[in-house]
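Enquirer: Everything below, folded, please.
(2 chains)
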Number of protein chains: 2
Amino acid sequence: MREIVAEDLEALAIGAGILGTGGGGNPYIGKLRCLEELKKGRRIPLLALDALDDEAFVVSVGGIGAPIVGIEKFEEGEECLRALRAVEEFFGRKADALIAAEIGGGNSMEPLLTAAQAGVAVVDGDGMGRAFPEMQMVTFSIYGRPSTPAALADEKGNVVFYRSTASEQDFERLARSTAVAMGGTAGSATAPMSGQFVKTAAVPGTVTQAINLGYAVLDAARQRKDPVDLICEREGGVRLMDAKIIDLKRHLKGGFAVGEIRFEGMGTFSGQTASVIFQNEFLSFEQDGAVRVCVPDLVIILELDTGRPITTEVLRFGQRVAVIALPCHPLLRTPEALAVVGPKAFGLGSVEFQPLPRPTWL
Amino acid sequence: MREIVAEDLEALAIGAGILGTGGGGNPYIGKLRCLEELKKGRRIPLLALDALDDEAFVVSVGGIGAPIVGIEKFEEGEECLRALRAVEEFFGRKADALIAAEIGGGNSMEPLLTAAQAGVAVVDGDGMGRAFPEMQMVTFSIYGRPSTPAALADEKGNVVFYRSTASEQDFERLARSTAVAMGGTAGSATAPMSGQFVKTAAVPGTVTQAINLGYAVLDAARQRKDPVDLICEREGGVRLMDAKIIDLKRHLKGGFAVGEIRFEGMGTFSGQTASVIFQNEFLSFEQDGAVRVCVPDLVIILELDTGRPITTEVLRFGQRVAVIALPCHPLLRTPEALAVVGPKAFGLGSVEFQPLPRPTWL
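Expert: Alright, predicted model coming up:
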């Protein structure tokens, strides 16, 4: 079985940032925590989806809350572990493996950290294949496994347990308010499920994909290649525009960072203009009055020179960027999925989802 | 064993309002629900504290949230029962009896309603002997039994469970935020405890006291006696002032109704002035620059003519009222209790608690 090593963590932090599509929080502190665990001799086995036992008991772990809070309010480090223990106690059974609800951003690291602490494997997959702003926007829920029984834990030892909720939206609202009362962030353990279900509902291979994206950035720097081209080449991406940010509207609304970015093309894209709107994550890329790419496909903004991801909170006027798109997994393109994570779910009522072509080798 | 009958419920609704000291919410809707249960043939046995078995499993139930919300958002009716079931399930044991956390106001009715539904008895006592604004201001907690394991439930079937929290203040904050996310009110089951502990920590006889207060009001009307005198005579109260409200400041602060009322004496109190400040409940009665009565003793405002209680939300300029005081139970006067429910706990830093005399027969 593959094990995540220190170098993989460096790559994963970059790649998870790319799959974060502007949101999802920064994986940096989670990476440091995981490195500490490896130094202590703990291990992080990575289990391919099809190697998962049908009878395995799998739990999804991750942080909930405003990423911006996590910058000043550090995790104590075992929040997700305590949440996991509460769910395990309810079932009277230890988890066999953990899985990320969200590979994009900081939540890529939580399952690895908790797996190292608990001595179990991490599944190579997740529930989004990217980042999304709300907890119910996850394939586990979309394909029939509710988030509950679930638990939230804070840094002080408080653990709140949700046995069941009337709806996934109710769970999102209740958990969100608890996370706020816990100081803005909390660790969560959600969606306990069987290996059999995970194999059908998880977006496969996304831990590896994130690591590969990170290695593309690192390789490009070492080999003096263009990082944006290397990313697009390896992961089937489309280079939408090299551009300068010429306008930026950003405000907080209902706890979300929402706004719009306007671009002016550079290099081979000179003379073009475009815009991206976001709600924590980048939602759509519009050019010449038409939406060219939108959720659930991934709209990503990279530093033009380095290929490293730019999150919404560090966007600024005048920045030189590359806007790229990656095709999302087919699991996010079904009618059930589009109802939850498609353009209409984000208030883009007039936009029809036009899927990006997916290379056959993906 | 005494059973609560329909006429008792009418009296209890009045008496619980009196013990609510201006807060605690209105028992009216709870009374109607209890009457319905009695009509269905269900029963509400009332168990004296000393009749409680040491080994009995007792759970405290009540509503949490802003009383004002309860006026428009009716309870579905089994919120507390569902919260109770979650606590019972955790312990693998059914409750033998229920107890009110708070006899003052609407929470007087919740244990009766839930007891009728669950087919168990209600303990004649509670955790406050009156109303207080926060969940940790309860003798169970003051004398060593934390509120958790506890559960909150809403009208839609959502149940949130708190196995343990780092502190009672953490529980209050987490539960409060969940109640807000549940729409402003929720049913709760808290402080599971043994009969032995309840006998030492509960304020004894308060269901009966509330019923007696209510009968004093009803008897006075029937017998054309002065209701205020009858209340004071039967329950060891002090008639502080008959007065007209000449000034009223009231605003919402941190979810609480806070303010100040100024009075001008009438009748034998002509020429006197006084004031009462409140935070949901009336906190202190001040006259001639000195605080004569303050928390945890009960400052109560009654309609002068009827003796019925006036809550802070229906106070108005020009109202003719009687301000009376009732002595609180000795369990609320220990140093441990005063640290949690004494004047300093309510920000009245300069006030020393001067206990009202308690008649020996109380």
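Enquirer: Quick check: the spatially closest residue to residue A:342 that is not a sequence neighbour vs residue A:327, distance?
Expert: Closest residue in space to residue A:342, ignoring its immediate chain neighbours: residue A:353 at 5.2 Å, by Cβ to Cβ, 6 or more residues apart in numbering or on different chains. In short, each C-beta sits where N, CA and C put it, glycine included. The gap separating residue A:353 from residue A:327 is 12 Å, by Cβ to Cβ, to the nearest Å.
Enquirer: Quick check: neighbours shared by those two?
Expert: residue A:297 (Cβ atoms under 8 Å, 6 or more residues apart in numbering or on different chains).
Enquirer: what mean pLDDT does the helix or strand hosting residue A:61 have?
Expert: Assigned by DSSP states H and E, residue A:61 belongs to strand A:57-65. Throughout strand A:57-65, pLDDT has a mean value of 93.
Enquirer: And for stretch A:225-237?
Expert: 95.
Enquirer: Could I get the buried residue list for it?
Expert: A:227, A:228, A:229, A:230, A:231, A:232, A:235, A:236, A:237 (16 or more other Cβ atoms under 10 Å in any protein chain shown).
Enquirer: And stretch A:176-195, by the same measure?
Expert: A:176-182, A:184-195.
Enquirer: before we move on, back to that, list the pairing partners of the strand holding residue A:61 within its sheet, with orientation.
Expert: strand A:97-100 (parallel), strand A:185-194 (antiparallel) (DSSP bridges).
Enquirer: Can you add distance to residue B:108 and give those strands back as TSV?
Expert: Converted to TSV, the strands paired with strand A:57-65 look like this (distance: least, Cβ to Cβ, whole Å):
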stretch	distance to residue B:108
strand A:97-100	47
strand A:185-194	35
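Enquirer: a markdown table for these, including mean pLDDT and distance to residue A:11?
Expert: Below are those laid out as a markdown table (pLDDT from 0 to 100; distance: least, Cβ to Cβ, whole Å):
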| stretch | mean pLDDT | distance to residue A:11 |
| --- | --- | --- |
| strand A:97-100 | 98 | 16 |
| strand A:185-194 | 95 | 24 |
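Enquirer: thinking again about what came up before, can you put the buried residues of stretch A:225-237 in CSV and add secondary structure?
Expert: Output for these, formatted as CSV (DSSP: H, G, I helix; E, B strand; the rest coil):
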residue, secondary structure
A:227, helix
A:228, helix
A:229, helix
A:230, helix
A:231, helix
A:232, helix
A:235, helix
A:236, coil
A:237, coil
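Enquirer: Now the two most distant members of these.
Expert: A:227 and A:236 (15.8 Å; Cβ to Cβ).
Enquirer: what helix or strand does residue A:122 sit in?
Expert: Going by DSSP H and E, residue A:122 is in strand A:121-126.
Enquirer: average model confidence for the next helix or strand after that strand?
Expert: With elements assigned by DSSP H and E, the helix or strand that comes after strand A:121-126 is helix A:139-142. Per-residue pLDDT over helix A:139-142 has a mean of 96.
Enquirer: now do stretch A:355-362
Expert: 84.
Enquirer: Could you do stretch A:333-341 as well?
Expert: 97.
Enquirer: Could you check how far it is from the centre of its chain?
Expert: 17 Å (Cα atoms, centre = their mean, to the nearest Å).
Enquirer: Going by neighbour count, which residues in it are buried?
Expert: Under 16+ other Cβ under 10 Å, the buried positions of stretch A:333-341 are A:333, A:337, A:338, A:340, A:341.
Enquirer: Check stretch A:215-228 too.
Expert: Those would be A:215, A:216, A:217, A:218, A:219, A:220, A:227, A:228, for stretch A:215-228 by 16+ other Cβ under 10 Å.
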